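> Attaching a predicted model along with its sequence, questions to come.
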Amino acid sequence: MSHQSGHPPLKMGVDIPNGKLGMWLFLGTEIMFFTAFIGSYIVLRIGSPGWPENAETTHIRIWAGGTNTFVLICSSVAVVFALEGMRNKNFDAARKWLFVTLMLAFVFLGIKAFEYYGKFEHNILPGRIPETDAQALNFTGRDLMAATGIVDATEKLKQLESQMADLQKQGRNADALQKQIEEQQKVVEAKTPAANAARAVNDRIKAGTIALGLKHEHGEGEAATETEHAKPTAAGPTLVEEVERLHKEFPDVFGSVHVPHPIKFGNLFASCYFIMTGFHALHVLVGMALFIILLGLGSKLSSQHELFVENSGLYWHFVDLVWIFLFPLIYII
Amino acid sequence: MSIATHDTPGAHSHDDHAHGGHHEIGFVRKYIFSTDHKVIGIQFLITTMLMLMVGGALALGVRWQLAFPWQWMPIAGDLEVFQQQGGIISPEFYTMLFTMHATVMIFLVIIPVLAGAFGNFLIPLQIGADDMAFPTLNMLSYWFMWPAIFCFGISFVIGGVTAGPAAGWTSYPVLSAIISAAPGSGPAQTFWLLAVTFVGVSSMMGSVNYMTTIINMRAPGMTLFRMPMTIWGMFITAILQAFALPVLTAAGFMVLFDRTMGTCFFVPAGLVVNNADPTIGGGQPLLWQHLFWFYSHPAVYIMLLPAMGMVSDILCTFARKPLFGYKPMVYSMSAIAGLGFIVWGHHMFTSGMNPALGMTFMVSTMMIALPSAVKTFNWIGTLWGGHLHFTTPMLNAIAFVSMFIVGGLSGIFMAAVPVDLYIHDTYFIVAHFHYVLFGATLFGVFGAIHFWFPKMFGRMMNDTVGKIHFVLTFIGFNGTFFTMHLLGVAGMPRRLADPYNYPYLEHLLPMNQFMTYSALLMGFAQFLLLGNFFYSMFWGPKCGRNPWHANGLEWDAPSPPPHGNFESIPIVYRGPYEYSSPETDKDYLPQTEYISPRPAPAPSTA
Amino acid sequence: MRKFWCLFFMFWPVLAIWLCWVSPANGWWFPSIAPWELGQQIDDLFYLLLIITTVVFIGTQFALGYVLWKGSDVKPGRAWFSHGSHNLEVIWTILPAIILLFISLYQMDVLARIRVMSKFPEQASRDPIAEVTARQFEWRIRYPAPGKKLLAQPQPDDLYTVNDLHVPVGQPVMIRLRSDDVQHSFGLPHLRLMQDAVPGLVIPVWFRSNAVGKFEIVCKELCGWGHYKMQGELTVELEEDYEAYLKALQEKMNDDGYPADAENAVAQSDEE
Amino acid sequence: MTEEHHDHPHVNYWRIFGYLCIFTVASVIADVMDIRRLYNLTALAAVVLLIACFKASYVMRYFMHLKFEGGWKYIILLPTTVLALAIPFALASDIGIHYYDVDVPQQNTLLEKEMQAADESADHDQHDHDHDAAEDGGGH
């Protein structure tokens, strides 16, 4: 602080600026924040025998994680050089390195987004993963029916028809409505073949005469529990085969329905994966905002921002540190 | 709240101008979006006093139901929304009442009044700084309270007032994680969780600020062991908050996502809740309890340590005696903080926790009674041989000690697992934590309000009204809560809308009615405090810098202190509790007073 | 007026102790004598703690009252200028530490007997008497058919009741506690026992009652709006009554309006 | 460096960068080598977490300049580290290890225990009563 008025210059406390001390204390709280997530992940995982570990089932790609680790290390180096630049009063260099850091952060988020996209593609989302064969059957049956949209269409048709009946009772002109009904009938008709196919599958699921079957590409893995498998099944295509057939026959309708693929503890896995990487990505975004503020200063960047750069750097290194631990915990183990 | 006071001899003060022309700032910047720690402290204080009334009203609702179950509510029963349920407290509403009572009292009253109000007001003043380390952050930490209050408010009304968050303040999953488990509290519970997150962010900003300020901005000569106990209490509280709260915030996010996004950290698979589809999951409900209590047990000390510190200051001032055992007091506070992190499991003795953990936690919990005992003995030692002045702050501080003894001793029953098997979740627990949080902390806060009011506003509060308020509150408090111990021993579980369902509890109705009357008395007594506070704020008699003849640095600043606090940077020569020192003729010796080292006591010339 | 405050602070501990003294006579005390040895041991521990804490309570409160009384005299001179006493601090740290350590170690044995599964009575843990499943807002109880063992998977001949748990008197019994939905707590206040029912876990609880009678089962963990009415009943009865009860339950469950059906008879003869 | 930033001496950051890259590659190799199959998961976890700790220490010491800071770094970081490690350790004994039997669709330890017991007794006595019951139970 700026009080030099004849008092003895007795500075109490530690010999670093308040901002830096505050940043370190803040990082301490951040460590505890991530500890809660990572610690929960570790203990939940230990407590869940049969946790999905096979990369084929989880779609965890080590190359993506490894590349991202590399990207973050590079950005950490860049931000260190930015701070060096600030200290050497070489603000152009500092700006250059800050820009590099920001770009690397974009690359990181890009790879992260690509990974997330892969998870969405394979329906690896918390609350949507069947964990047993029975769940897989139910979910798929439900999804098949939902994909056809037949229920909504029929419902709408019925509504229109009852409106029509009302109008006719009152003896009013209902031509416009008639037209709507005809259109809706066409919609329903168009959906009917797919719906019938879906119903046929659903009937077999309800009757318990369909086996799940396994996706060929995935092998056995941790997919299905043995006891569930022993269910008496009638001869005939398995659900996997049925879905694959439907995909071919009605690519437009059932394209969004995923080939059933139970993953034991898959939901917990997805929950942990998304919360840890998600909050990490959020921290990356905050760090990027800091860099954007600094870069936005343009040529106004000067010595008075050195502490800002140093603190942003500390924060950014912390983000890197979290990833250093997330990488082995999620991608390798 | 006039900044220009009668005694500012140091008008040449450079501090005033170091802060960039505070003369020009308008009303909004000065009193609303102020970055001045004192204004923020007072903002926190007034907010929490209003919230205290809200929380108290909710408590009276709970007490009404316990004393007169399913009977028409006196005031609220007339309201339109209650008409459709016959003007009575429905079970859903009752559940919300105690949930919100605890929530408001803990998150919006006790934690902010200690750390927010008195922490803000006192830390820079008592360590001789001109403001907090990060004034803007400080302002934000106050204004992050409002989204929290807003979200809590929404969680009240979104279910149509008659229902709301209904999982208790502990919010145990699966009840809080699955919407169908408590259908009435669907979005309400979600807002509740959001609000807790905001409180978390606010407290986190505050605590980083306090730690930095206390570590790095002490006045020259203010070594760690010359800090007043208040500062020690605030410091340790800030540490606890900084390192325990993020865990709760994280856990809060987890349960929030469990509710809204289909994650399953706390939801096992295959639960059929309220005839809904079986849950999909794989998580474990006990995980929440661990994470929650990892914060919420230290939170009990967050809600106590600053009050302990403030009471130490008050006791010394009005006993005109140095604090008995300053260093043991500091060490015991630190011990409480350290042990506080490893005793969280005692809230879970009946929860299906591994018994080996239970035994470990039992020993550590027993041990945490030790520093509390040391503190109590030291307070009595402080009073021993003192010249007591029974002012309102002093009475409240003595009540703190007296009540804290009860709260501490009843805690031993809970720490003992076998006994806890019986009294867990009974009114014995309710009695225990009210003795700690109300009996101890709130009496400490009442004392602190009366004690530092002159510094805040430059005016005195009315002592007679203060004493009447104290007596009524004390009687009402003990009437309400001491009897709760007996209810607990009789086996009355907490959180029951109608305990008289159980034949073995039927005979407790008259007792409950007595408690409700006591609670009403206590509730109405608080209007005296509010009246006294707001009246004195404008019309109380003016006072000088040091009306209590106290030693702390804050009494060296004008009352109320201007922006920037001190006219010149104070230099600290000694600890804060040198009352009745033989070195001087006065019976107090301010920390800033320089005495040349002579064997004979010299008259001071400050 | 100064003495008034001393009396004020001394008066209330007296009142508190008086209240505790008269409360057993008024029914503000344990609901009944615990009908088994561990329950009585818990009570004994409670009384031990009560004695210790009462002594400390009286000691500290009256020390407080005493110093207030002494300090309230308006006397010339100054207060005692003292920064504390090292010896005193050591004494009043070590003494409570010993007492607290003693208390916590003294409790271990009772705790172990209640909670540690390997210390459960062998017979009780081998043959759990019933599975109690908590549900919003009732207790569902599943007994094995008479003469059979309780298995993890529900059996076709299992017997079911709601809120009505019967156990034989005088012998240790163990139940398996589960929850179907949220967390509940199986509380037997008369037996001084409580255990949360955690979703996903099967928690064994054992107890014994040496007295015949009916006791309330209380849900002690907030489980939703109907928490207050989640009330069950534990009936402790003579062995023969208990068996008769199971028989009656079995007959009631098998009674589908037709005479005893053949299939069941075959199934039973298989088991014999 | 000409200025007297005595507490921030020049560090060859590229060298640290090299170490970090080597460590990253090492942990990837640990994955490719399939230590999981060769030994077990714990060994893999130990190896890669150890590598992560090394990486973290390099980042903290050089990039975050902790090597050149005063004693305050211990006061802030040691308690934090202890707490951060304490949480998973304390929770592992309750959440990671189940003292009581688990009954969820993914896992039913009680049922497994019963089936195991039934198998053992079936080995001894084919006509044991338990055997029938276990078959009933297991058939689902």
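Nice, I can see it.

> Around chain B, pick out the residues from the stretch 1-150 of chain A.
A:1-3, A:5, A:7-8, A:10-14, A:16, A:18-19, A:21-22, A:25-26, A:28-30, A:32-37, A:40, A:43-44, A:47-48, A:125-131, A:135 (CB under 8 Å from any CB of the partner chain). In this view, the C-beta of every residue, glycine as well, is placed from N, C-alpha and C.

> now swap in the stretch 201-333 of chain A and tell me
Counting by CB under 8 Å from any CB, the stretch 201-333 of chain A sits next to chain B at A:Phe265, A:Asn267, A:Leu268, A:Ala270, A:Ser271, A:Cys272, A:Phe274, A:Ile275, A:Phe279.

> Go again with 10 Å.
Contact residues (CB under 10 Å from any CB of the partner chain) of the stretch 201-333 of chain A with chain B: A:264-272, A:274-275, A:278-279.

> cool, and chain D?
Within chain D, the positions lying close to chain B (CB under 10 Å from any CB) are D:72, D:75-76, D:79-80, D:82-84, D:86-87, D:90-91, D:93-100, D:102-108.

> Any quick ChimeraX command for the buried ones out of the residues you listed?
Applying 16 or more other CB atoms under 10 Å in any protein chain shown to the residues of chain D next to chain B, the buried members can be selected in ChimeraX as follows:
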select /D:72,76,79,80,83,84,87,90,91,94,95,96,98,99,100,102,103,104,105,106,107,108
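
> which residue packs closest to the closest residue to chain A within the stretch 351-500 of chain B, ignoring adjacent ones?
Distances between the stretch 351-500 of chain B and chain A by CB to the nearest CB are smallest at B:Asn354, namely 11.6 Å. Spatial nearest neighbour of B:Asn354, chain neighbours left out: D:Tyr99 (4.2 Å); criterion: CB to CB, 6 or more residues apart in numbering or on different chains.

> Check the contact between that neighbour and B:Ser351; I expect there is one.
No. Using CB atoms under 10 Å as the test, D:Tyr99 is too far from B:Ser351 to be in contact (11.8 Å).

> which residues are common contacts for these two?
Common neighbours of D:Tyr99 and B:Ser351, using CB atoms under 10 Å, 6 or more residues apart in numbering or on different chains, are B:Gly358, C:Leu201, C:Ile203.

> Of the residues you listed, which are in range of chain D?
Subset of the shared contacts of D:Tyr99 and B:Ser351 in contact with chain D: B:Gly358, C:Leu201, C:Ile203, counting by CB under 10 Å from any CB.

> Counting neighbours, which of those comes out on top?
Among those, C:Leu201 has the most neighbours (other CB atoms under 10 Å in any protein chain shown), with 26 neighbours.

> What is the least confident helix or strand in chain D?
When the helices and strands of chain D are scored by mean pLDDT, DSSP states H and E, helix D:129-138 comes last with a mean of 44.

> Could you count how many residues lie near the closest residue to B:Asn216 other than its chain neighbours?
What sits nearest to B:Asn216 in space, not counting adjacent residues and going by CB to CB, 6+ apart, is A:Gly13, at 3.8 Å. A:Gly13 has 18 neighbours, counted by other CB under 10 Å.

> Distance check, the residue in the stretch 1-150 of chain C that chain A sits nearest to against chain D.
Relative to chain A, the nearest point of the stretch 1-150 of chain C is C:Met117 (18.0 Å; CB to the nearest CB). C:Met117 sits 8 Å away from chain D, going by CB to the nearest CB, to the nearest Å.

> Test my guess that that residue contacts C:Trp206.
Yes. Using CB under 10 Å, C:Met117 is in contact with C:Trp206, at 9.1 Å.

> Looking at the two, which is more packed in?
C:Trp206 (22 against 14).

> so after the biggest helix by length in chain C, what's the next helix or strand?
Assignment by DSSP state H gives helix C:37-72 as the longest helix of chain C. Sequence order places helix C:86-115 as the next helix or strand after helix C:37-72, per DSSP states H and E.

> For the residue of the stretch 501-606 of chain B at minimum distance from chain D, give me the pLDDT.
Distance from chain D to each residue of the stretch 501-606 of chain B (CB to the nearest CB) is smallest for B:Val572, at 21.4 Å. If you check B:Val572, the pLDDT there is 91.

> How about A:Val240?
Per-residue pLDDT puts A:Val240 at 82.

> nearest spatial neighbour of it, skipping sequence neighbours?
Nearest to A:Val240 is A:Gly213, by CB to CB, 6+ apart, at 3.8 Å.

> Next, work out how far apart that neighbour and A:Asp133 are.
Relative to A:Asp133, A:Gly213 is positioned 10 Å away (CB to CB, to the nearest Å).

> what does C:Phe8 give?
C:Phe8 is 73 Å from A:Asp133, by CB to CB.

> And C:Met253, by the same measure?
C:Met253 sits 32 Å away from A:Asp133, going by CB to CB.

> ok, now which ones touch the residue of chain C at minimum distance from chain A?
With CB to the nearest CB, the shortest gap between chain C and chain A falls at C:Gly200, namely 10.2 Å. The contact partners of C:Gly200, taken as CB under 10 Å, 6+ apart, are B:174, B:267-271, B:281-286, B:352, C:178-179, D:98, D:100-107.

> For it, grab phi and psi.
C:Gly200 adopts backbone torsions of phi 90, psi -20, taken as degrees, to the nearest 10.
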